[in-house]
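A.B. asks: Predicted model follows, preceded by the sequence.
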Amino acid sequence: MWSTIIDSIFLQQSIPFVIWFILHFIFIAIAILLYLLFVSYLNRWFIQWVLPRPWAYRQVFPYTVAANIWTFPIGVFLYQFGHPTLGVVFIIAGHLIYSLTPLLLARQKKKSSRPSS
């Protein structure tokens, strides 16, 4: 929504505003969902790699959304306001930090909580 509003300020539309606004919003929503789908599969691979028991996909998608809840919008803002490299780095680094850090901490906690025989 916020991206559509920003683009409507800076771009010239040749079609009526309401139609342009709806189509632009739908395109952005689909692009965000495709991004979340891709990084969900990436997270699923990370989880299989880091944790001994893999998660079902229905558990991975909400985890991915939570990990990208603020890094993705800030990265897109940076990209739109003329800092494309910084925006992409922020999206990727933020995703990796907020996805992998809890997994690695859970792995360490499991190893330290096991009783030694």
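C.D. replies: Looks like it arrived, so ask away.
A.B. asks: Helix, strand, or coil at G82?
C.D. replies: Judged by DSSP: H, G, I helix; E, B strand; the rest coil, the three-state class of G82 is coil.
A.B. asks: could you check the distance from it over to F90?
C.D. replies: 14 Å (Cβ to Cβ, to the nearest Å). Placement of C-beta: from N, CA and C, glycine included.
A.B. asks: quick one, which of the two is more surrounded?
C.D. replies: A direct count of neighbours by other Cβ atoms under 10 Å for G82 and F90 places F90 higher, at 19 against 8.
A.B. asks: Where does the more buried one sit, in terms of helix or strand?
C.D. replies: If you go by DSSP states H and E, F90 is part of helix 84-113.
A.B. asks: Need the residue closest to the centroid of the chain.
C.D. replies: The centre of the chain sits closest to N68, judged by Cα atoms, centre = their mean, with a distance of 3.6 Å.
A.B. asks: Wait, T64 touches N43, no?
C.D. replies: Yes. Contact criterion Cβ atoms under 8 Å: T64 and N43 qualify, at 5.0 Å.
A.B. asks: Show me the helices in this protein, by range?
C.D. replies: Ranges of helices in the chain, per DSSP state H, are 2-10, 17-50, 57-67, 71-80, 84-113.
A.B. asks: Of those, flag the one that's most buried.
C.D. replies: Of these, the one with the most neighbours on average (mean count of other Cβ atoms under 10 Å) is helix 71-80, at a mean of 18.
A.B. asks: who does that one touch, helix- and strand-wise?
C.D. replies: When contacts are defined as 3 or more Cβ pairs under 8 Å, 6 or more residues apart in numbering; DSSP states H and E, helix 71-80 sits against helix 2-10, helix 84-113.
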